[in-house]
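[1] Predicted model and sequence below, questions to follow.
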There are 2 protein chains.
Amino acid sequence: MVQAKKQLFDSKLQRCSDYCKALSHPARLAILKHLSEVQTCITGDISSEIPLGRTTINQHLAELKSAGLIQGNIAGVRTYYCLKTEALFELKNLIDEFLGQICCNEKPKEMSNP
Amino acid sequence: MVQAKKQLFDSKLQRCSDYCKALSHPARLAILKHLSEVQTCITGDISSEIPLGRTTINQHLAELKSAGLIQGNIAGVRTYYCLKTEALFELKNLIDEFLGQICCNEKPKEMSNP
DNA sequence: ATTTTATGTCGTAAACATACGTCATAATTT
DNA sequence: AAATTATGACGTATGTTTACGACATAAAAT
């Protein structure tokens, strides 16, 4: 395994990069956006919204699910997907914290510290 | 080209996913973090900080450069790298905007009007 | 002038990601 | 009971990323 080198890094950097990876394809961003608009919907709705084949969408959904950003609830023959807002907040916090550390000050109120 | 399908998506989603892709490896996050701590340094410093071979680091540096997140200034035999803060702010804004749209309200301060 | 140093370029193997077709299956509908 | 529908699982071709060794080159040090 060549990619095992990822394990050598700080676990916070790993989690942050994993979330970023989940966001690293426009189809996945479009899926998240669509889910936020309709709250919940089935796979078929998503694949008719987005210009990719159904199985490709399914693959992207599986990735978002394994990143923890969405969840699927099975109801008979359908699976209803929705956002996992806790994870989206965690992601936001991780990215904000990272960017705050390296550049964009995340807490512009705290002027009184080295 | 299979990946040409990316072109079918909204350009803002594309830019956002491209930035996220640049952040999708812990080595690249570690490089950005190191650069923020030392302001500027040469390739060799980075590859002794980070547990990967020099050419691998070079590859990651090239990716960060092509994403516009860092720049390298040649001085004799050395190349001094530093962060490009404008790009980091743009990245922050894009991600904040995206996450704000889908979940985490991005402007909790603005209760009235600009 | 020769050696050392810092970096970039090229090649490449292995692993992963992307995109989709086909098949299997289980719940509805007819 | 048979047909339809929605989805997941599997296979696979092509493309991309990751990781690194080997070589090239140009500046600096000796």
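    Noted; the coordinates are in hand.

[2] Can you list phi and psi of the nearest residue to A:V38 once chain neighbours are set aside for me?
    If the residues on either side of it in the chain are set aside, A:V38 comes closest to A:D45, at 7.3 Å by CB to CB, 6 or more residues apart in numbering or on different chains. Placement of C-beta: from N, CA and C, glycine included. When read as degrees, to the nearest 10, the backbone of A:D45 gives phi -60, psi -40.

[3] mind listing the strands for chain A?
    A:40-42, A:70-75, A:78-83 (DSSP state E).

[4] is DNA strand C contacted by the first one?
    No. Interface with DNA strand C: strand A:40-42 contributes nothing (CB under 7 Å from any atom of the strand), its closest point being 12.4 Å away.

[5] which other helices and strands contact that strand?
    Here strand A:40-42 touches strand A:78-83, going by 3 or more CB pairs under 8 Å, 6 or more residues apart in numbering or on different chains; DSSP states H and E.

[6] List the buried residues for the strand it packs on?
    Neighbour counts over strand A:78-83 (16 or more other CB atoms under 10 Å in any protein chain shown) mark A:T79, A:Y81, A:L83 as buried.

[7] For chain A, which segments count as helices?
    A:11-22, A:26-38, A:43-49, A:54-66, A:85-102 (DSSP state H).

[8] Let me have the ones you listed in JSON lines, adding mean neighbour count and mean pLDDT as columns.
    Supplementary listing: the helices of chain A in JSON lines, determined by neighbours: other CB atoms under 10 Å in any protein chain shown; pLDDT from 0 to 100:
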{"stretch": "helix A:11-22", "mean neighbour count": "19", "mean pLDDT": "98"}
{"stretch": "helix A:26-38", "mean neighbour count": "20", "mean pLDDT": "98"}
{"stretch": "helix A:43-49", "mean neighbour count": "16", "mean pLDDT": "96"}
{"stretch": "helix A:54-66", "mean neighbour count": "16", "mean pLDDT": "98"}
{"stretch": "helix A:85-102", "mean neighbour count": "17", "mean pLDDT": "97"}
